[in-house]
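**Student:** coordinates only, sequence not included:
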């Protein structure tokens, strides 16, 4: 089990640590509800050092990125970043990732912790001439600062102006002679930023941002926040048995270029099941793999479920048979000893 470089900091703050993607991570400090609401109303900081980072560089870097990433990441402008997928030849989702264009011939890929090794091997197998691939995960730290007060906090900490930094854009800043890549991105549905930098200064930066007013938040709040924003989690909503079409994520695939898996994906007809969001009228939550029923017939399964602290009732994601995958459709969820009434709803759950 890997530990992030902030492991001792988490213990000092009284965090409860749990296994996650091969890493020991804080699930909560003060409590999930308090950390969730701090992110929604003020500002929170998350340790995301477990994520993987790769550098793709060389005269053909742009062509390679366009070959392996489903979105138009290879042709985006320097200073931008884009969400997309690595797909197998069969169009199954090997991982979801964000690709940063650092220079004309240089990119950074940010991948999930549990798939870092397999992603790197797959990229190596598909490497083309005039491109180099390197794994910088061990020397790269990542902190997420999220919430409506995140901009003002970071401007004060680094003495910078972030007014003109657009969504899914990034810039370099300097902190004590260390370069930090700061992007306006996140996984909470709030205004927020992600910081990538040399792991040597992670403890100092963590302490400074908390001292400046950020609440430390763990995996528990991260999960409820991303659910309210209807953001999928790899290993829950998407995995290597599913395609972007089944996952209802075709908006993140290009229809104007060829990439690995595109010939299969773009020729797919209607899929037998698709990902939807559901909501209840109560605070009892469905969980992963609970059965979805209509008139007593099994029509799907839950992938994620939780009480939504910002909404006051429970929500979740589920795969259901496509004919039933429409907002307003009433469903039932088999909790084992109880049946939970729910309804398919439009996404996101929390509209900001």
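**Tutor:** Received the coordinates, thanks. Small disclaimer: the values here were computed from a predicted structure and weren't measured.

**Student:** count of neighbours near residue 77?
**Tutor:** 7 (other CB atoms under 10 Å). All C-beta atoms are positioned from the backbone trio N, CA, C, and that covers glycine.

**Student:** now residue 161
**Tutor:** That count, for residue 161 with other CB under 10 Å as the rule, works out to 9.

**Student:** Does it touch residue 155 like I think?
**Tutor:** Yes - applying CB atoms under 8 Å, one finds residue 161 in contact with residue 155, separated by 6.4 Å.

**Student:** what's the pLDDT at residue 246?
**Tutor:** Among the per-residue scores, residue 246 shows a pLDDT of 98.

**Student:** cool, and residue 337?
**Tutor:** Listed pLDDT for residue 337 reads 89.

**Student:** Then it would be within a helix, right?
**Tutor:** No - using DSSP: H, G, I helix; E, B strand; the rest coil, the secondary structure at residue 337 is coil, not a helix.

**Student:** Check the gap between it and residue 315 for me.
**Tutor:** 21 Å (CB to CB, to the nearest Å).

**Student:** If you count surrounding residues, which of those two has more?
**Tutor:** residue 315 (26 against 5).

**Student:** how about that one, secondary structure?
**Tutor:** Per three-state DSSP, the secondary structure class of residue 315 is strand.

**Student:** List the residues that contact it.
**Tutor:** 227, 228, 277, 278, 279, 280, 305, 306, 308, 349 (CB atoms under 8 Å, 6 or more residues apart in numbering).

**Student:** what sits opposite it in the beta ladder?
**Tutor:** Counting by DSSP bridges, residue 315 is bridged to residue 279, residue 306.

**Student:** who touches residue 143 in this structure?
**Tutor:** 45, 46, 47, 48, 49, 194, 195, 202, 205, 206, 209.

**Student:** Next, it: secondary structure please.
**Tutor:** strand.

**Student:** just residue 85 next, same as before
**Tutor:** Once three-state DSSP is applied, residue 85 turns out strand.

**Student:** In three-state terms, label residue 166 for me.
**Tutor:** On the three-state scheme (three-state DSSP), residue 166 is labelled coil.

**Student:** my guess is it meets residue 184, correct?
**Tutor:** Yes - between residue 166 and residue 184 there is a contact at 6.6 Å, judged by CB under 8 Å.

**Student:** gap between the two ends of stretch 228-237?
**Tutor:** Start-to-end span of stretch 228-237 (CA to CA, to the nearest Å) is 14 Å.

**Student:** and that stretch, average pLDDT?
**Tutor:** For stretch 228-237, the per-residue pLDDT averages 97.

**Student:** Now it: buried residues?
**Tutor:** Buried residues in stretch 228-237, defined by neighbour count with 16 or more other CB atoms under 10 Å: 228, 229, 230, 231, 232, 233, 234, 236, 237.

**Student:** right, and the pair among those with maximum separation?
**Tutor:** 228 and 234 (18.2 Å; CB to CB).

**Student:** Give me the nearest residue to the spatially most central residue of the chain, chain neighbours excluded.
**Tutor:** Closest residue to the average C-alpha location of the chain: residue 187 at 5.3 Å, with CA atoms, centre = their mean. In this structure, residue 187 finds its nearest non-sequential neighbour in residue 226, 5.1 Å apart by CB to CB, 6 or more residues apart in numbering.

**Student:** element containing that neighbour, please.
**Tutor:** helix 219-228 (DSSP states H and E).

**Student:** circling back: from the contacts of residue 143, which is closest to residue 173?
**Tutor:** For the contacts of residue 143, the nearest to residue 173 is residue 195 (8.8 Å; CB to CB).

**Student:** For that closest one, name its beta-bridge partners.
**Tutor:** residue 143, residue 182.

**Student:** where in the stretch 101-250 of the chain is pLDDT low?
**Tutor:** Scanning the stretch 101-250 of the chain for pLDDT under 70 picks out nothing.

**Student:** now for the helix holding residue 226, which elements pack on it?
**Tutor:** The elements that helix 219-228 packs onto, with contact taken as 3 or more CB pairs under 8 Å, 6 or more residues apart in numbering; DSSP states H and E, are strand 23-28, helix 32-41, strand 297-308, strand 313-321.

**Student:** Can you lay out those as a markdown table showing mean pLDDT and distance to residue 248?
**Tutor:** Listed next are the helices and strands packed on helix 219-228 as a markdown table, based on pLDDT from 0 to 100; distance: least, CB to CB, whole Å:
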| stretch | mean pLDDT | distance to residue 248 |
| --- | --- | --- |
| strand 23-28 | 96 | 28 |
| helix 32-41 | 98 | 25 |
| strand 297-308 | 98 | 12 |
| strand 313-321 | 98 | 9 |
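
**Student:** okay if I get the ones you listed as a markdown table plus distance to residue 286?
**Tutor:** Below are the helices and strands packed on helix 219-228 laid out as a markdown table (distance: least, CB to CB, whole Å):
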| stretch | distance to residue 286 |
| --- | --- |
| strand 23-28 | 20 |
| helix 32-41 | 17 |
| strand 297-308 | 4 |
| strand 313-321 | 5 |
